[in-house]
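Pasting the sequence and the predicted model now:
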Amino acid sequence: MADTVIDLNADLGEGFGRWSLTDDEALLSVVTSANVACGFHAGDPSTMRRVCALAAERGVRIGAQVSYRDLAGFGRRAMDVPPDELADEIAYQIGALQVFARAAGSRVSYVKPHGALYNRVVHDNEQAEAVVSGVLRSGAICDGPLPLLGLPGSRLLAVAEGVGLPVVTEAFADRAYTWAGTLVPRRDPDAVVHDPEAVIARAVGIARDATVTAVGGEPIAVHARSLCVHGDTPGAAQLAWRVRGALASAGVRVEAFS
């Protein structure tokens with residue numbers, strides 16, 4: 001299928017102060033879209049500025065990776081945030097990143113929730129509506145409605161489509177899936193796929209055949225326009241290069257969605 005196209009994204013800027021977690025410079029040589037931490041689960045102003053500058057220099061799309069306000073828990077702890085407050089916090093994070101994207105001669109091109117928020121808005125309609133409201137509130141400083149990147153079949157994408165926001169479906173080469181097409185919770189020891197060969201094979205299967213093997217061993221359908229390789233795993237940049245090479249060998253063109 002030579003006409004198959006997929007975006008390759010990674011979570012970047014996930015450090016804070018003197019601590020760094022992701023090899024941003026190396027990953028920005030591979031991916032086509034960068035999900036940049038906006039300070040709520042990770043990231044700080046200088047890191048955001050630096051990643052935006054590198055992304056703009058390399059023609060990589062900049063996305064706002066928004067989160068619950070949870071630096072201590074890396075945004076992976078369940079939180080109950082009032083919807084209007086959450087909407088304001090989403091708009092705040094997008095606005096902060098837009099400052100640095102604009103300074104770099106680029107712009108925020110899309111929004112992706114992180115961690116616990118990402119998983120919450122798969123099923124929680126109220127929190128999904130809050131995220132969408134936050135994206136809409138940021139519209140005054142963005143170039144039109146920003147696309148939302150999320151899990152196929154999620155409430156987030158359904159709510160976004162309902163108000164006319166563009167949506168982009170996403171899959172994960174290095175995360176385990178349930179039979180229902182959702183991600184295995186991070187607290188499960190088998191939530192992350194560590195074998196590089198398995199990650200590469202899963203990436204090709206998702207992009208070319210729209211399928212992935214769930215934890216029970218059965219293949220499930222996963223239709224995605226963007227493929228995520230996590231940047232906080234050991235050897236992430238090298239693995240991302242291998243994934244991109246395998247996609248090319250399988251006749252899949254890697255190209256940003258926006």
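Ah, there it is.

make it CA atoms for all contacts and neighbour counts henceforth
Fine.

so for the biggest strand by length in the chain, what's the average pLDDT?
Looking across the chain with DSSP state E, the single longest strand is strand 4-12. Mean pLDDT, strand 4-12: 96.

Find out how far that strand is from the centre of the chain, if you would.
Computed by Cα atoms, centre = their mean, to the nearest Å, the chain-centroid distance of strand 4-12 equals 9 Å.

Now do the helix or strand hosting Tyr92: distance to the chain's middle.
Tyr92 is part of helix 83-103 when elements are defined by DSSP states H and E. Offset of helix 83-103 from its chain centre (Cα atoms, centre = their mean): 16 Å.

Tell me the buried residues in it?
83, 86-101 (16 or more other Cα atoms under 10 Å).

Give the other helices and strands that that helix contacts.
Secondary-structure packing of helix 83-103 (3 or more Cα pairs under 8 Å, 6 or more residues apart in numbering; DSSP states H and E): helix 45-58, strand 61-66, strand 108-113, helix 125-137.

if we look at that helix, which residues are touching it?
36, 38-40, 48-49, 52-53, 56, 62, 64, 66-68, 107-108, 111, 126-127, 129-138, 141-142 (Cα atoms under 8 Å, 6 or more residues apart in numbering).

What of stretch 175-192?
119, 151, 174, 193, 212-216, 218, 220-222.

Quick one: distance of it to the chain centre.
Using Cα atoms, centre = their mean, the offset of stretch 175-192 from its chain centre is 16 Å.

Show the end-to-end separation of it, please.
End-to-end distance for stretch 175-192: 5 Å, by Cα to Cα, to the nearest Å.

Likewise for stretch 66-79?
Terminal residues of stretch 66-79 lie 14 Å apart, using Cα to Cα.

Return the set of buried residues in it.
Neighbour-count burial for stretch 66-79 flags 66-70, 74-76 (criterion: 16+ other Cα under 10 Å).

Phe16: which of those residues is nearest?
Taking Cα to Cα as the measure, Phe16 lies nearest Phe74 of the buried residues of stretch 66-79, at 10.7 Å.

unless I'm mixing things up, the closest one is touching Ala42, no?
Yes - if you go by Cα atoms under 8 Å, Phe74 and Ala42 touch, sitting 6.4 Å apart.

so where's the chain uncertain?
1-2 (pLDDT under 70).

returning to that earlier point: list the buried ones in the longest strand of the chain?
5-12.
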